[in-house]
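[1] just coords:
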């Protein structure tokens, strides 16, 4: 399987004013590309070189390979979780959020709180477990819920490079603004029924 940097699903300036072109260029073009480049080098002489990204994440015991593969997946998923065409959740995802969190507003509060309280660098996810239940999950560094047999539905990157250019150390403000660009259609498409 060829590991490549996937194209963004929108133009680099499409998320403004919530996420600047400069942030996207730096985050996507330097950080995300860097993980892709490093992963390709790490697996080129291994049995993983023909595996899918998901299988690399699930199968590898090599921490360096795992970190880079997970970061490639996490970043790709993050870009797909956003859109300039903001809309509200509907259908199965809307019903599941209400079922598991009581209301959309409660879910939003808990998600923003989880993003604001994750110590250090990492990710905040909405995941679905094997029983179909939804959970908000904090993961540190490169960890990916796929490794825990959970289905990622939504992710917010809370590494400083995701927001420092635009928001400096105001992570909570970044997450609140990020909420305006969530691609609920994509999130809904990830739900397992």
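    On my side now, so go ahead. What you see is a predicted model; the values in this text were computed from it and never measured.
[2] contacts, neighbours, all on C-alpha from now
    OK.
[3] longest helix of this structure?
    The residue-count maximum for a helix in the chain (DSSP state H) belongs to helix 63-80.
[4] I'd like the average pLDDT over that helix.
    Average pLDDT, helix 63-80: 98.
[5] List the buried residues of that helix.
    Buried residues in helix 63-80, counted by 16 or more other CA atoms under 10 Å: 65-80.
[6] The helix or strand hosting residue 186: how far from the chain's middle?
    Here residue 186 sits within helix 184-189, counting by DSSP states H and E. For helix 184-189, the distance from its own C-alpha centre to the chain's C-alpha centre is 13 Å (CA atoms, centre = their mean, to the nearest Å).
[7] what's next to that helix, contact-wise?
    Outside of helix 184-189, the residues within contact range by CA atoms under 8 Å, 6 or more residues apart in numbering are 80-81, 86-93, 153-154.
[8] Now render these as CSV, adding secondary structure.
    Output for the contacts of helix 184-189, formatted as CSV (DSSP: H, G, I helix; E, B strand; the rest coil):
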residue, secondary structure
80, helix
81, coil
86, coil
87, coil
88, coil
89, coil
90, coil
91, coil
92, helix
93, helix
153, strand
154, strand
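[9] what's the neighbour count on residue 189?
    11 (other CA atoms under 10 Å).
[10] And residue 58, by the same measure?
    Other residues close to residue 58 by other CA under 10 Å number 17.
[11] Which per-residue confidence value corresponds to it?
    96.
[12] now the strands for this protein?
    Using DSSP state E, the strands of the chain run over 122-128, 134-140, 151-157.
[13] Output those strands as TSV; include the columns mean pLDDT and mean neighbour count.
    Shown next, in TSV, are the strands of the chain (pLDDT from 0 to 100; neighbours: other CA atoms under 10 Å):
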stretch	mean pLDDT	mean neighbour count
strand 122-128	98	22
strand 134-140	98	19
strand 151-157	98	23
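[14] I'd like the ones you listed written out as a markdown table, with distance to residue 107 added.
    Listed next are the strands of the chain as a markdown table, based on distance: least, CA to CA, whole Å:
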| stretch | distance to residue 107 |
| --- | --- |
| strand 122-128 | 10 |
| strand 134-140 | 9 |
| strand 151-157 | 12 |
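[15] The nearest residue to residue 6 once chain neighbours are set aside and residue 158: what is the separation?
    Excluding the flanking residues, the one nearest residue 6 by CA to CA, 6 or more residues apart in numbering is residue 76, at 7.2 Å. The gap separating residue 76 from residue 158 is 15 Å, by CA to CA, to the nearest Å.
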